[in-house]
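J.: fold the following for me, if possible:
(one chain, ligands or ions: 1)
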Amino acid sequence: MGHKPFKTVGVLGLGHVGLPTAVGFSELGWQVIGTDSDTNKVALVSNGCCPFYEPDLEPLLRKNLAEGRLKVTTDVGEAVRESDILFICVGTPQKPDGSPDLSQVEAVIRTVAENLNGYKLIVEKSTVPVQTAQWIKRTILRYAGNDAEFDVASNPEFLREGTAVQDFFHPDRIVIGIESERAKEWLLELYMPLNASIVVTDVNTAELIKHAANSFLALKISFINMIADLCEVVGADVTEVARGIGLDPRIGPHFLQAGIGYGGYCLPKDLKAFIRIAEEHRVDFSLLKEVEKINEARIDKFVKKVQRALWVLKDKTLAIWGLSFKPNTDDIREAPSLKIIGRLLEEGANLRLYDPAAMENVKQVFPEDPPKLVYCKSAVEAATNAYAILLVTEWDEFRNIDWTQIRQVVALPIIVDGRNCLSPEIVKEAGFEYYGVGRK
Ligand code: UGA
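T.: Numbers count the residues shown, from 1 in each chain. Below you'll find the model as predicted:
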């Protein structure tokens, strides 16, 4: 590369956002230093191990460590001093009132202030409420003095878990919110190798785009779930409705998959935070409250569906296929599976659980307790002697399963497909009763 205006990119926080970001920038050819206050995490990452399951990330991590473009350290101060651009990728968990807990952001910003050794471009990447950049600026000035040289920018991440690597290298868009020419130039330079569509705007707008995007996705999901409820009552098929409306480019085909609702660390939390922000500014966001309400009702509707199929659940064995909040991740934060397991245990059912990646995480919440709760090594093992198979996460493995074999091991041939991911024709042909969501 020719002359570059900056040398090193620091990534503060190496979780689901920070690690793909650090690995991604180093793969693009930048010198990257990553840091995290969790020493175990840093030890794992520096040995080339990804602390969570994310397809394709680990080989790329190893490659960039080996080629010397990526370095990790537990010393946050060192990372700050060595870097010109700093990406804030620490967690912003939810407080009981729905607003985000920004204490990790504040803590890391204070460390930045204490280690400021020349101009830094500080970039918010974690999802934060609109106007957080103002607080970051005030905090730096307070702790580093009024002559501190820095800019604050917002560059929200749109990576999805399970496809984070793919999303990093092929983004639909990159949003950068800036307040200075230098910040704009640096961020455009940083992302130049991706050749992506870039939206350049002010910082408040960039912060708001992130919450608006996730809220809109949640809204699409709740919309189609609402339609699914009507389909069930009148005998229509929501998958056909989704196709019929999704072909209109103004609506689009994505995020119209009806089922047990959205989970994960982002959509539920971001929606709550956005509603809180609107409340603080006295703007009516009741539309988004309805989105939440529809989503929360999914679990109860799913359990009722199982009861309609089986009547009494007490002492009946049920197989649960899929536990992660969506396929291709081991993440169970806000996963619908957890609420479903809780409800079914209350009903007195015996559960046999299987997931290709998330079982260890679920065991921390629901320890193995035979015969009430058994973790199984395969989908077939979970289905053995089950009165119904409940499909909760649409891993490909379940789509491609040998139904004739499953038919032989179950106690009753009943499938409740919480994700509409199976073909009713195929499973019915194999002798199963099929219950989907909003399907005939
Ligand atoms: C979401 C956004 O999609 C990303 O763009 C964003 O960067 C990320 O949050 C974030 O803020 O960090 P993610 O949480 O990984 O990504 O998961 P999604 O793919 O959005 O799925 C969220 C939930 O919605 C899952 O439980 C999924 O099963 C559910 N879903 C999704 C549906 O029920 N129906 C659909 O049609 C699509």
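
J.: ok, and what's touching the helix or strand harbouring residue 185?
T.: Following DSSP states H and E, one finds residue 185 within helix 181-191. For helix 181-191, contacts defined as C-beta atoms under 8 Å, 6 or more residues apart in numbering pick out 4-6, 9, 25, 30, 84-85, 119, 121, 123, 151, 153, 155, 174, 176, 178, 198, 200. All C-beta spots, glycine's among them, are computed from the backbone N, C-alpha and C.

J.: among those, the buried ones, what's the ChimeraX command?
T.: This is how ChimeraX selects the buried members of the contacts of helix 181-191, with burial counted by 16 or more other C-beta atoms under 10 Å:
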select :6,9,25,30,84,85,121,123,151,153,155,174,176,178,198
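
J.: restricted to helices, list the contacts of helix 181-191.
T.: Of the positions in the contacts of helix 181-191, residue 25 sit in helices, assigned by DSSP state H.

J.: got the contact list for the residue of the stretch 1-150 of the chain found nearest the ligand?
T.: Nearest residue of the stretch 1-150 of the chain to the ligand: residue 127, at 5.6 Å (C-beta to the nearest ligand atom). Contacts for residue 127 (C-beta under 8 Å, 6+ apart) come out as 92, 100, 156, 157, 210, 211, 214, 266, 269, 270, 273.

J.: nearest residue to residue 274 other than its sequence neighbours?
T.: Here the nearest residue to residue 274 in space, its sequence neighbours aside, is residue 211; by C-beta to C-beta, 6 or more residues apart in numbering that works out to 4.3 Å.

J.: residue 34 should be in a strand, yeah?
T.: Yes - assessed by DSSP: H, G, I helix; E, B strand; the rest coil, residue 34 belongs to a strand.

J.: which residues does it form beta bridges with?
T.: Beta-bridge pairing for residue 34 (DSSP bridges): residue 11, residue 72.

J.: surely it touches residue 15?
T.: No - applying C-beta atoms under 8 Å as the test, residue 34 and residue 15 come out as separate, 10.7 Å apart.

J.: more neighbours: these two, which one.
T.: Per other C-beta atoms under 10 Å, whichever of residue 34 and residue 15 has more neighbours is residue 34, with 29 against 18.

J.: please tell me how far that one sits from residue 146.
T.: Taking C-beta to C-beta, to the nearest Å as the measure, residue 34 and residue 146 are separated by 30 Å.

J.: of the contacts of helix 181-191, which belong to strands?
T.: When DSSP state E defines the strands, the subset of those inside them is 9, 85, 121, 123, 151, 153, 174, 176, 198, 200.

J.: so what's the nearest residue to the third one once chain neighbours are set aside bridging to?
T.: Translated: residue 121. Take residue 121 and drop its neighbours on the chain: the residue closest to it by C-beta to C-beta, 6+ apart is residue 85, 4.7 Å away. Note on residue 85: beta-bridge partners residue 9, residue 121, judged by DSSP bridges.

J.: show me the strands in the stretch 251-400 of the chain, by range?
T.: Ranges of strands in the stretch 251-400 of the chain, per DSSP state E, counting those that start in this stretch, are 317-321, 350-354, 373-375, 388-391.

J.: okay if I get the ones you listed as TSV plus distance to residue 134 and mean pLDDT?
T.: Formatted as TSV, those follow (distance: least, C-beta to C-beta, whole Å; pLDDT from 0 to 100):
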stretch	distance to residue 134	mean pLDDT
strand 317-321	46	98
strand 350-354	46	98
strand 373-375	48	98
strand 388-391	46	98
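
J.: now tabulate those in a markdown table and tack on distance to residue 434 and mean neighbour count.
T.: A markdown table is the format used below for the strands of the stretch 251-400 of the chain (distance: least, C-beta to C-beta, whole Å; neighbours: other C-beta atoms under 10 Å):
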| stretch | distance to residue 434 | mean neighbour count |
| --- | --- | --- |
| strand 317-321 | 14 | 26 |
| strand 350-354 | 19 | 23 |
| strand 373-375 | 25 | 19 |
| strand 388-391 | 10 | 27 |
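
J.: for the ones you listed, which one sits closest to the ligand?
T.: Of all these, strand 388-391 sits nearest to the ligand, with 12.2 Å by C-beta to the nearest ligand atom.

J.: can you list the strands that the closest one pairs with?
T.: When DSSP bridges is applied, strand 388-391 pairs with strand 317-321 (parallel), strand 414-417 (parallel).

J.: what's the helix or strand for residue 241?
T.: Going by DSSP H and E, residue 241 is in helix 238-246.

J.: near the ligand at all, that helix?
T.: No - Helix 238-246 lies out of reach of the ligand by C-beta under 6 Å from any ligand atom, never closer than 8.3 Å.

J.: tell me the buried residues in that helix?
T.: By 16+ other C-beta under 10 Å, the buried positions in helix 238-246 come out as 238, 239, 241, 242, 245, 246.

J.: which parts of the stretch 201-350 of the chain sit against the ligand?
T.: Residues of the stretch 201-350 of the chain lying near the ligand (C-beta under 6 Å from any ligand atom): 214, 217, 221, 255-257, 259, 261-264, 266-267, 325-326.
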